[in-house]
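[1] missing the sequence, but the structure's below:
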């Protein structure tokens, strides 16, 4: 099944969110490095973490999207197909106000 097979577009708030910041906030710096070398299981999926440097010398942590392998701060679980992926792969839109 492909994300394009879902029919109409859904909104991000219609999907379960898994935020990388929730994982990172829970662990200390030493454990963060160990996590980067391992795989995380969330919602029945094995996830990989990546990191990038910020402009002012900090480090930002990312999930690797299971579908496209791009960096993502938030992964979504599609409510119909139950596929886990980034907003781009699942073709999700933000709610317009």
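    Received it, and whenever you're ready, just let me know what you need. Since this is a predicted model, take the numbers as computed values, not measurements. Residues are numbered from 1 along each chain as shown.
[2] mind listing what residue 20 touches?
    Taking Cβ atoms under 8 Å, 6 or more residues apart in numbering, we find residue 20 in contact with 49, 61, 62, 63, 72, 73, 74. Bear in mind the C-beta positions are built from the backbone N, C-alpha and C, glycine included.
[3] Quick one: the strands in the protein, in order.
    Along the chain, the stretches classed as strands by DSSP state E are 16-19, 39-42, 45-53, 59-64, 71-72, 74-77, 84-85.
[4] among these, which is the most enclosed?
    Mean neighbour count (mean count of other Cβ atoms under 10 Å) peaks for strand 84-85 among the strands of the chain, with a mean of 24.
[5] helices or strands next to that one in the packing?
    strand 74-77 (3 or more Cβ pairs under 8 Å, 6 or more residues apart in numbering; DSSP states H and E).
[6] Can you list the strands that the strand it packs on pairs with?
    Sheet pairing here is set by DSSP bridges, and for strand 74-77 it gives strand 16-19 (antiparallel), strand 84-85 (antiparallel).
[7] re earlier: mean pLDDT lowest where, among the strands of the chain?
    Note on the strands of the chain: lowest mean pLDDT is at strand 39-42, with a mean of 68.
[8] Excluding sequence neighbours, find me the nearest residue to the spatially most central residue of the chain.
    Centroid-nearest residue in the chain, with Cα atoms, centre = their mean: residue 75, separated by 2.7 Å. Counting by Cβ to Cβ, 6 or more residues apart in numbering, residue 75 lies nearest to residue 18, which is 4.7 Å off, once chain neighbours are set aside.
[9] follow-up on the earlier one: wouldn't the residue nearest to the centre of the chain be in contact with residue 64 here?
    No. Residue 75 is beyond contact range of residue 64, at 9.5 Å (criterion: Cβ atoms under 8 Å).
[10] Touching both of the two, which residues are there?
    Common contacts of residue 75 and residue 64 (Cβ under 8 Å, 6+ apart): residue 47.
[11] hang on, the earlier thing: tell me the contacts of the residue nearest to the centre of the chain?
    By Cβ under 8 Å, 6+ apart, the contact list for residue 75 reads 17, 18, 47, 63, 65, 66, 84, 85, 86.
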